[in-house]
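[1] Sequence unavailable; structure follows:
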Ligand code: SF4
């Protein structure tokens with residue numbers, strides 16, 4: 001039996017698709033080269049913007065049409081499964097709109113995914129599956145052959161930013177059991193993984209409370225700095241074939257504590273890059289977004305991060321054109337960007353998301369103005385990225401080698417701790433390993449480099 005997975009949306013969805021792929025593989029299913037080979041197509045959807053839903057609908061309708069054609073030609077059946085945020089939001093409404101969908105698997109139904117596959121393999125169809133009362137983390141998020149992996153440590157979000165649908169779709173924050181996180185780190189390491197990104201909508205508010213109290217396996221209560229400490233102690237002295245780098249994503253500024261900064265500073269395991277979403281540099285806009293901080297708080301946090309973690313690179317998300325945003329507000333955003341010096345940013349303009357408070361707010365910004373402001377933000381970021389990269393030329397850095405360059409087979413692509421892409425000459429056999437390189441020049445947003453031996457990374 002063969003499967004095809006299409007994933008849309010954030011890193012959480014990518015991690016969840018990897019976990020669902022493990023369930024296919026456990027049953028000896030193999031990946032299909034294309035739709036014609038597939039027995040099951042799984043579409044993991046995103047609901048964060050209406051454009052993402054429209055794209056998912058395009059794909060669902062496409063596969064439903066293939067399914068009809070196969071049936072008409074009396075070829076082997078195709079089963080269509082939809083999961084992810086859109087499945088959670090619309091539930092059975094997905095099947096009503098597109099009857100070609102066989103199963104809709106919401107966030108709280110994933111534990112039944114194996115049952116659905118078993119029934120499909122036997123040519124049977126099971127009805128709607130029960131929702132479990134609590135979110136259950138998948139056992140493994142390992143992607144076959146990978147040496148970098150995502151590891152969800154939390155699910156959901158309690159923040160209710162006024163523009164965001166996530167808390168309504170994924171529910172309240174749930175923290176994963178620490179011993180399960182350590183077990184999964186061991187399993188990932190044994191599979192060849194060398195870099196792990198701890199994943200959650202807001203990892204800094206990780207808060208484990210053991211229902212068994214002190215009698216449980218592992219600590220009774222644990223916050224994010226405590227989890228980082230636990231992971232660092234667990235992975236210490238693993239040698240060159242162990243997990244060497246840990247990242248985490250996403251950080252909400254209000255919850256990134258000094259205690260967390262101190263743990264990161266003390267442990268070389270934690271990469272010197274933090275994605276710290278700011279969204280806007282204007283205090284009235286931040287308030288309307290319900291972000292729970294103002295620009296002064298954010299800049300003060302950045303100052304503490306830079307002082308505590310020398311060489312740190314910071315990236316961010318910026319949302320322009322929020323209802324009520326004025327010229328002064330956008331200038332404040334540009335000013336904050338320059339003051340922080342982000343290495344890169346995900347920049348987008350506001351689009352109302354049905355079901356969120358911001359969708360009903362007054363003071364809509366005209367489309368033309370939104371686009372014009374977005375272009376200005378992008379231009380400023382381009383300049384910042386360039387300046388920061390130019391200043392790095394000549395430095396020595398360690399990289400994890402990711403792949404062979406598509407342009408030149410004798411070159412490989414690597415990524416630094418600071419999330420910078422580097423290209424240099426090395427054989428394909430080095431992919432998945434670490435190398436020390438000197439940054440020589442820039443080619444777009446990639447450093448050209450040469451491997452050095454025996455020099456210390458700066
Ligand atoms: S922190 Fe805000 S933007 Fe991020 S997932 Fe939670 S509600 Fe959405």
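    Yes, it's here. Everything numeric in this text was worked out from a predicted model, so none of it was measured. Numbering: from 1, shown residues only.

[2] Just give the nearest non-adjacent residue to the residue in the stretch 201-350 of the chain that the ligand sits nearest to, would you?
    Ranking the residues of the stretch 201-350 of the chain by distance to the ligand (Cβ to the nearest ligand atom) places residue 201 first, at 4.0 Å. Quick note: C-beta positions are derived from backbone N, CA and C, even for glycine. Ranked by Cβ to Cβ, 6 or more residues apart in numbering and with sequence neighbours excluded, the top spatial neighbour of residue 201 is residue 157, at 3.9 Å.

[3] Please verify my assumption that the one you found contacts residue 168.
    No: counting by Cβ atoms under 8 Å, residue 157 sits too far from residue 168 to count as a contact (9.6 Å).

[4] who does residue 398 bridge with?
    Going by DSSP bridges, residue 398 is paired in beta bridges with residue 436.

[5] And the contacts of the helix or strand where residue 87 lies?
    Assessed by DSSP states H and E, residue 87 sits inside helix 85-90. By Cβ atoms under 8 Å, 6 or more residues apart in numbering, the residues outside helix 85-90 that reach it are 9, 13, 45-48, 53, 56, 94, 97, 104-107, 165-166, 168-170.

[6] sorry, back to before: count the neighbours of the residue nearest to residue 201 for me.
    Per other Cβ atoms under 10 Å, the neighbour tally for residue 157 reads 22.

[7] in which helix or strand would I find the residue of the stretch 201-350 of the chain closest to the ligand?
    Assessed by DSSP H and E, residue 201 sits outside every helix and strand.

[8] Also residue 322?
    With DSSP H and E as the test, residue 322 turns up in no helix or strand.

[9] Can you name the residues of this structure sitting close to the ligand?
    The chain comes close to the ligand at residues 157, 159, 160, 161, 164, 166, 167, 201, 202, 252, as judged by Cβ under 6 Å from any ligand atom.

[10] if you set the cut-off to 8 Å instead, what comes out?
    Applying the criterion Cβ under 8 Å from any ligand atom, the portion of the chain that neighbours the ligand consists of 157-161, 163-167, 170, 201-202, 250, 252, 277, 279, 290-291.

[11] Quick one: buried ones out of those residues?
    157, 159, 161, 163-167, 170, 201-202, 250, 252, 277, 279, 291 (16 or more other Cβ atoms under 10 Å).

[12] can I assume residue 21 is in contact with residue 5?
    Yes: applying Cβ under 8 Å as the test, residue 21 and residue 5 come out as touching, 6.1 Å apart.

[13] quick one: common contacting residues for those two?
    Contacts common to residue 21 and residue 5, judged by Cβ under 8 Å, 6+ apart, are residue 31.

[14] now the residue nearest to residue 201: how far from residue 170?
    To residue 170, residue 157 is 6 Å away according to Cβ to Cβ, to the nearest Å.

[15] What of residue 209?
    19 Å.

[16] which residues in the stretch 351-458 of the chain form helices?
    Counting by DSSP state H, counting those that start in this stretch, the stretch 351-458 of the chain forms helices over residues 367-392, given from the N-terminal end onward.

[17] For the ligand, what's the nearest residue on it?
    residue 356 (9.1 Å).

[18] Just give the number of residues close to that residue.
    Neighbours of residue 356 (other Cβ under 10 Å): 18.

[19] just residue 10 next, same as before
    For residue 10, the count of nearby residues is 19 (other Cβ under 10 Å).

[20] Then residue 289?
    By the other Cβ under 10 Å criterion, the neighbourhood of residue 289 contains 21 residues.

[21] Equivalent analysis for residue 334, please.
    When neighbours are counted by other Cβ under 10 Å, residue 334 registers 19.

[22] picking that back up, correct me if wrong: the residue of the stretch 351-458 of the chain closest to the ligand contacts residue 162.
    Yes: applying Cβ under 8 Å as the test, residue 356 and residue 162 come out as touching, 6.2 Å apart.

[23] Provide a list of residues in contact with residue 50.
    With contact set as Cβ under 8 Å, 6+ apart, residue 50 has these partners: 351, 353, 354.
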